[in-house]
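> I would like the atomic coordinates for the input below:
(one chain, ligands or ions: 1)
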Amino acid sequence: RPGLAARLDGLPASATIEMARRARELRAAGHKVISLALGEPDFPTPPAAIEAAHAAALAGDTKYPPVDGTPALKAAVARKFARENGLDYAPDELIVSNGGKQIIFNAFMATIDPGDEVVVPAPYWVSYPLIARMLGGVPVHPVCDESDGFSLRADRLAQALTPRTKWLVLNFPNNPSGGVCTEEELRAIASVLRDFPNVWILSDEIYEHLVFDNRRFTSFAAVAPDLRDRILTMNGVAKAYAMTGWRVGYAGGPRDLIAAMRTVQGNATSGVCTVAQAAAAAALDGPEDLIGVMRATYAKRRKAVVEALRAIPGITCAMPSGAFYAYPGVEGCLGKTTPDGHVIATDADFALALLDRAHVATVPGSAFGLSPYLRLSCATGDAELEEACRRIAGFVASLR
Ligand code: PLP
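Predicted coordinates for the structure are as follows:
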């Protein structure tokens, strides 16, 4: 039989997807499974975005779009970057892709040669190291400690950078930890990067609107304008506007990098679905109150979940500063045994046993490069979150 490409050798399957698969199996067997495994807002897409998609389709906006985005969406993206981030990008410094994920793929495909190092602070969203590895890149993971609020310390970054570093990925607010870097911390990061002129910087700002407790979000490119010609600022409509299924992400960056990404995308997928682009433009230009409602809802749920988890002996939980996840520590449960005799040696054992015995789906911290933790998505209804915490408490109480 023909074989598969060597570039896929040793790539782990996504743990998030594996947990979702097991949850589906249990559901099919008739169990009431609560899934806190997926990072997907439980709000509907704004009606104005849906209406714009409908109108675009009826108006004949149904032909091949330009590879790098429709002029209307790129104009809306430019307005958004100027209004919300204080960043000015010309049309040829912008690209629209099939979700934020394709922005990352395009950027890495356009720049990574085998052996290039990609610094991805842990814990991290799994796609960065997996995409880097598919392209022959070598992920390097400095750790963002819970005791630092899961933000990236400049000294940790400095230790991770080498002459072979091609990219640094910054993702604050962070998936999975909810960590947010202050402006001062970003300044310290920028100052380290000034000594490494050959490093591109990806700032994934997809959770920018979800910062809590009167914290303020700042774009990395706004903190370090002198590094502008190597910063790719990435965002999308998935999390901000509950539009995960529309598949629209976008980025602003230096002209030559954007042009190279356009070449990659032109040969892979071409431009993004026209009606999805019309919907995204309407969302970006639309009323901002929806974002405020979502932020307030996630903030409230986060507090309730963290308090419920902290009340469980053996579980610790930092209060996340942003995004919509809780990242509780389960160290106090390691070494214990479930009633049916399974030893909980790792966070992955904990997550699997919790799913099998209490029917709550989460993702173990090992999937994100920092153990022993669990990631719980708070983009789930209040009653389900409450019930999930009750089940986790019951599960932990059953351990011996
Ligand atoms: N960046 C981070 C940190 C994410 O968590 C996600 C989605 O989970 C994305 C990017 C990708 O978003 P999209 O759905 O636009 O591809």
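> so residue 285 sits right up against residue 77, yeah?
No. Assessed by CB atoms under 8 Å, residue 285 is found out of contact with residue 77, at 10.2 Å. Where you see a C-beta, it was placed from the backbone N, CA and C, and this is true even at glycine.
> looking at these two, which has the bigger crowd around it?
residue 77 (25 against 17; other CB atoms under 10 Å).
> return the set of buried residues in the helix or strand where the more buried one lies.
Counting by DSSP states H and E, the element that carries residue 77 is helix 71-85. Using 16 or more other CB atoms under 10 Å as the test for burial, helix 71-85 gives 72-78, 80-81, 84-85.
> tell me how far the helix or strand of the chain with the lowest mean pLDDT is from the chain's mean position?
Ranked by mean pLDDT, DSSP states H and E, the weakest helix or strand in the chain is helix 15-28, scoring a mean of 83. Relative to its chain's centre, helix 15-28 lies at 20 Å (CA atoms, centre = their mean, to the nearest Å).
> so which residue is dead centre in the protein?
residue 175 (4.6 Å; CA atoms, centre = their mean).
> who does residue 138 form a beta bridge with?
Note on residue 138: beta-bridge partners residue 117, judged by DSSP bridges.
> count the residues that sit near it.
By other CB under 10 Å, the residues close to residue 138 number 17.
> same thing with residue 170?
By other CB under 10 Å, 23 other residues sit near residue 170.
> do the same with residue 306
Residue 306 has 21 neighbours, counted by other CB under 10 Å.
> for residue 70, what are its contacts?
Counting by CB atoms under 8 Å, 6 or more residues apart in numbering, residue 70 touches 96, 271, 274, 277-278, 281.
> my error: substitute residue 280 in the last question.
Residue 280 sits next to 49, 73, 76, 96, 237, 241, 243, 246, 248, 250 when contact means CB under 8 Å, 6+ apart.
> can you flag which of the residues you listed belong to strands?
Mapping the contacts of residue 280 onto strands (DSSP state E) picks out 96, 250.
> and the nearest residue to residue 39 once chain neighbours are set aside, how many neighbours?
Nearest non-adjacent residue to residue 39, counting by CB to CB, 6 or more residues apart in numbering: residue 377, 5.4 Å away. Residue 377 has 26 neighbouring residues, counting by other CB under 10 Å.
> swap in residue 327?
Neighbour number of residue 327 under other CB under 10 Å is 25.
> surely residue 173 touches residue 215?
No. If you go by CB under 8 Å, residue 173 and residue 215 don't touch, sitting 9.1 Å apart.
> okay, these two: which has more neighbours?
residue 173 (28 against 12).
> that one and residue 91: what is the separation?
As judged by CB to CB, to the nearest Å, residue 173 and residue 91 stand 28 Å apart.
> for residue 64, same thing?
Note on residue 64: its distance to residue 91, by CB to CB, is 18 Å.
> out of the two, which sits in the more crowded spot?
Between residue 64 and residue 91, counting by other CB under 10 Å, residue 91 is the more crowded of the two (14 against 8).
> and the chain, which residues reach the ligand?
By the rule CB under 6 Å from any ligand atom, the part of the chain lying against the ligand is 39, 99-101, 125, 171, 175, 204, 206, 236, 238, 244, 249.
> repeat that for 8 Å
For the chain, the contact set with the ligand under CB under 8 Å from any ligand atom comprises 39-40, 98-104, 125, 127, 171, 174-175, 204, 206-207, 234, 236-239, 244, 247-249, 323.
> quick one: which of those residues sit in strands?
Short answer: the residues of the chain next to the ligand in strands (DSSP E) are 204, 234, 236, 249.
> out of those residues, which is nearest to residue 35?
residue 236 (22.3 Å; CB to CB).
> nearest residue to the closest one in space, ignoring adjacent ones along the chain?
residue 249 is the one closest to residue 236 (CB to CB, 6+ apart), at 3.5 Å.
> test my guess that the one you found contacts residue 101.
Yes. The criterion here is CB under 8 Å, and residue 249 meets it with residue 101 at 6.8 Å.
> those two: who's more crowded?
Using other CB under 10 Å as the criterion, residue 249 and residue 101 rank with residue 249 on top: 25 against 19.
> what's the separation between the more buried one and residue 40?
Counting by CB to CB - residue 249 and residue 40 are separated by 15 Å.
> thinking again about what came up before, looking at the contacts of residue 70, which are in strands?
Per DSSP E, these map to strands at residue 96.
> just send the contacts of residue 70 back as CSV, with neighbour count and pLDDT too.
Listed next are those as CSV, based on neighbours: other CB atoms under 10 Å; pLDDT from 0 to 100:
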residue, neighbour count, pLDDT
96, 28, 98
271, 21, 98
274, 19, 98
277, 29, 98
278, 26, 98
281, 28, 98
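> closest to residue 150 among the contacts of residue 70?
Ranked by distance to residue 150 (CB to CB), these are led by residue 96 at 30.2 Å.
> so who does the closest residue to that closest one other than its chain neighbours touch?
Using CB to CB, 6+ apart and skipping the chain neighbours, the partner closest in space to residue 96 is residue 69 (3.0 Å). Neighbouring residues of residue 69 by CB under 8 Å, 6+ apart: 77, 94-96, 250, 271-272, 277.
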